[in-house]
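Asker: okay, here's the prediction I keep looking at, along with the sequence it came from:
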Amino acid sequence: MGASEDEADVERVLAGELGAFEDIVRRWQGPLVNLAFRFCHDRSRAEDMAQEAFLRAWRALGQWRKDAPFSTWLFAVATNLYRSELRRTPANTLSLEDIAEPRASTAAGVEVEDRDRAVHRAVLGLPPKYRESLIAFYFHGKDVPTAARSLGVPEGTVKARLSRGRDILRNKLQRLFMKPGTKETL
């Protein structure tokens, strides 16, 4: 899977071979549903949102300027749709204060699993602007310029949001994971 496949499929669709869009959907459906899920935390709603993102991409396919990879453009279309959808009908979010303490366990694997789950929940509980930047950068592995294009904000804004989001997480998680009587920092 690569940018050249995406570009070839887009060219085929624009030339009238409508079935080529199916290849695009097949290639990007999982990632778009996963991205939507990180916004709304509801699998069924995420699938509906991803379907709507593909419909918007279909309608705007001729507007892709090829100045960035197709995937960046597609994720920007999807991210803008997801943001609009959540402004219209907010997702149920979890407050950082409502996160359960990880279970105490002697098994290191279970402790790591609990810690990972707590960190994931803490990220989901962040305000959307910080959550979106952290998810794009850490969970989707985008670099700052790509994350900025996907989110439709300047690179400096992404850097600032990443920094502030990490600070918020560090403070919340530090209290959550600090052992009684210690002054350990994350």
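Answerer: All right, it came through fine. Numbering: from 1, shown residues only.

Asker: so, low pLDDT: which residues of this structure?
Answerer: 1-2, 90-112, 176-186 (pLDDT under 70).

Asker: mind checking the longest helix of it?
Answerer: Longest helix in the chain, counting residues (DSSP state H): helix 155-177.

Asker: next, residue 126: phi, psi?
Answerer: The phi/psi pair for residue 126 (degrees, to the nearest 10) reads phi -70, psi 160.

Asker: so it makes contact with residue 168?
Answerer: Yes. If you go by C-beta atoms under 8 Å, residue 126 and residue 168 touch, sitting 6.2 Å apart. Where you see a C-beta, it was placed from the backbone N, CA and C, and this is true even at glycine.

Asker: circling back to that earlier point, counting by contacts, list what the longest helix of the chain packs against.
Answerer: The contact analysis (3 or more C-beta pairs under 8 Å, 6 or more residues apart in numbering; DSSP states H and E) places helix 155-177 against helix 108-124, helix 128-134, helix 144-151.

Asker: and the contacts of the second one?
Answerer: Taking contacts as C-beta atoms under 8 Å, 6 or more residues apart in numbering, the residues outside helix 128-134 that touch it are 38-39, 79, 83, 86, 123-124, 126, 147, 151, 158, 161-162, 164-166, 168-169.

Asker: alpha carbons only: can I get it in PDB?
Answerer: These are the backbone C-alpha positions of helix 128-134, laid out as PDB (Å, rounded to 0.1, in the frame of the first residue of the first chain):
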ATOM      1  CA  PRO A 128     -10.500  17.800  22.200                       C
ATOM      2  CA  LYS A 129      -7.800  20.100  20.900                       C
ATOM      3  CA  TYR A 130      -5.100  18.400  23.000                       C
ATOM      4  CA  ARG A 131      -6.600  14.900  22.500                       C
ATOM      5  CA  GLU A 132      -6.600  15.300  18.700                       C
ATOM      6  CA  SER A 133      -3.000  16.400  18.600                       C
ATOM      7  CA  LEU A 134      -1.800  13.700  20.900                       C
END
